[in-house]
Structures are given as structure tokens and as C-alpha cells.
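Peer 1: Sequence and predicted structure, then a few things I'm wondering about:
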Amino acid sequence: MQETFKLRKFNSDDLEQVVHINRLCLPENYTNYFFVDLHKRFPETFLVAEENGEIVGYMMCRIKTGLSGFRGIIKKGHVVSIAVLPSHQHKGIGRALMIKAMENMGLYNAQLCFLEVRVSNKAAVNLYKNLGFKVTRVIRGYYVDREGAYVMSRELPFKPRV
Ligand SMILES: CC(C)(COP(=O)(O)OP(=O)(O)OC[C@H]1O[C@@H](n2cnc3c(N)ncnc32)[C@H](O)[C@@H]1OP(=O)(O)O)[C@@H](O)C(=O)NCCC(=O)NCCS
């Protein structure tokens, strides 16, 4: 299928549109400072999807340092937030954002990518499973409304099947 969107790195002019998409698509909302700060610290993994000059999706991440079994302390890419406008879903944008962000996590030497997702969020869980993520933990009552979360993760680098 011909892609009609393009991915690029976030810049500060995109803030208003990204905040709008976040508020429309997710109950987890943040202050403007939170977005700006994540961008300042991890610009390579803050991406937007653009179609006809309009921002239609975004993804932002952070890099953490943590224990990983026998490997000891490693860098991990944490997906903080991803959303695509409802009018632009099911076109491969979420998948493309995930793949590009995982690629760019390599620039920070991340060896693993992880995220939390609502147990009821079938679209997102499917998206991540299709990208090779596995549920590694379940956290009961993780969200403010007490819904539980799956913690899902996969090794990096991400190598797309050819
Ligand atoms: C999750 C989300 C980002 C997916 O974005 P998208 O651009 O529609 O996803 P894609 O078109 O790239 O779909 C990729 C895969 O995700 C899964 N998927 C996407 N939407 C789905 C749905 N409604 N039901 C089931 N699976 C779905 C499918 O496996 C799909 O692969 P396929 O098309 O080969 O079947 C989007 O639904 C969204 O913004 N949801 C609201 C915000 C949100 O829940 N964010 C995640 C928080 S953890």
C-alpha cells in the first residue's frame, strides 16, 4: 500500500498539535513542560507522523538505565506515549512510529524496548505483539482509574522481516 504519511522528528512548533492528539486519544495527559522536557532529553525518539502538513500521530520515549537479568545494567527505551488521530488509524502509522523510534533508540545504545499498556487496549496490545513484544509482567491497578497494565518488552535492535 502506498504510504500517504511521513515521519519526522518532533520540533517545538508541533507542541500544540501533539498535545491535542494526546488529549483526544488518551486518558493519560501531561503538562506542556513534560512534552518539552522529554524532547529536550531524548529528541531522537520523539517523532511525529505528518499527512498533508497536519500532524496526525506522535510517539515519545525516554531512555532509562536498569537491570536486565544476566546482562546486568543496560539502557532501555521506554515508550511513554503513542497515539494516532482516529481519522488516521489503521493505515500503518502506529506501526511505522514504533519501528522508527525503536531504530532511533539504538542511538542511545538501548538494548531493550518496553512499555505499559492497559489490559483492555486490544488495538495497542496487537500492535505491540505484531512487533515482537511479549508480556513480561502484569501490574494491577496501574492507572489512575485502577485498570491494570501489561508491561511488554522486546529486545533491540528491531530487525524487520524481509
Ligand atoms: C494503538 C494505536 C496507536 C495504533 O495506531 P494505528 O496507526 O491505527 O496502528 P496501525 O495501523 O499501524 O496498526 C498496526 C497493528 O496494530 C493492530 N491494531 C491497530 N488497530 C487495531 C484495532 N482497532 N483492533 C485490533 N488491532 C489493531 C493490528 O495488529 C495492526 O496490524 P494489521 O493492520 O496488520 O492488523 C491507535 O489505535 C491509537 O492511537 N489508539 C489510541 C491511543 C492508544 O491507545 N495508545 C497506546 C497507549 S499504550
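Peer 2: That came through, no problem. Residues are numbered from 1 along each chain as shown.

Peer 1: Beta-bridge partners for Ile74, please?
Peer 2: Residues in a beta bridge with Ile74, per DSSP bridges, are Gly66.

Peer 1: Over to the one 5 residues further on?
Peer 2: Taking DSSP bridges as the rule, Val79 bridges to Cys61, Leu115.

Peer 1: OK, contacts around it?
Peer 2: Contacts of Val79 were listed using CB atoms under 8 Å, 6 or more residues apart in numbering, and they are Met59, Cys61, Met98, Ala101, Cys113, Phe114, Leu115. C-betas here are computed from N, CA, C, even on glycine.

Peer 1: Burial check on the last one, number of neighbours?
Peer 2: In other words, Leu115. Residues near Leu115, counting by other CB atoms under 10 Å, number 21.

Peer 1: Same question for Ala110, what's its three-state structure.
Peer 2: coil (DSSP: H, G, I helix; E, B strand; the rest coil).

Peer 1: Walk me through which strands the helix or strand harbouring Thr136 pairs with, and which way each runs.
Peer 2: Counting by DSSP states H and E, the element that carries Thr136 is strand 134-139. Using DSSP bridges, the strands paired with strand 134-139 are strand 149-155 (antiparallel).
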